[in-house]
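Asks: Let's see this in three dimensions:
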Amino acid sequence: MSATLTAGQVLPGFTTRITRADLVRYAGASGDFNPIHWSDSAAAALGLPTVIAHGMFTMGLALRVVTEVTGDPGAVVSYYVRFTKPVPVPEDGTEVRFAGVVTEVTEGIAKISVEAAVADQSVLGAAVVEVRLG
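Replies: The predicted model follows:
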């Protein structure tokens, strides 16, 4: 990995639009065909306003904040996420903003706090990535 990371460093974030087509592709790749990810009626039956993105899909997108800086997905040592809010995906899609900040660098391991938000509402809690430096 060629990136140098220091405590307090803000990583370049990004915003992406998640569409229902993305959910269909993710369902096919992951095998998670739960209808709350593609059926408005199934989502409504559970009290959801619309279909929601797969949590693991959102988690994977958030990890890009780190891997795009490090250039090496294999440098990720650990990744912890608590899902706090679902990501609603109406028919026209939804924008999700991802960001990260290095919170600690110790003995060649950087800890990075990662954030994902929809309309300024956090959808991940306590998301922390540990990445091996060097």
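
Asks: who does the longest helix that the chain contains touch, helix- and strand-wise?
Replies: In the chain, assigned by DSSP state H, the helix with the most residues is helix 55-70. Secondary-structure packing of helix 55-70 (3 or more CB pairs under 8 Å, 6 or more residues apart in numbering; DSSP states H and E): strand 10-18, helix 20-30, strand 76-83, strand 94-106, strand 109-118, strand 124-132. Every residue, glycine included, has its C-beta placed from N, CA and C.

Asks: Now do that helix, average pLDDT.
Replies: For helix 55-70, mean pLDDT is 96.

Asks: ok and it relative to strand 124-132, angle-wise?
Replies: 40 degrees (axes from the mean of the first three to the mean of the last three CA atoms, to 10 degrees).

Asks: does residue 58 really touch residue 118, like I thought?
Replies: No: when contacts are counted by CB atoms under 8 Å, residue 58 is not listed as touching residue 118 (9.4 Å).

Asks: if I look at these two, which residues touch both of them?
Replies: 87, 96 (CB atoms under 8 Å, 6 or more residues apart in numbering).
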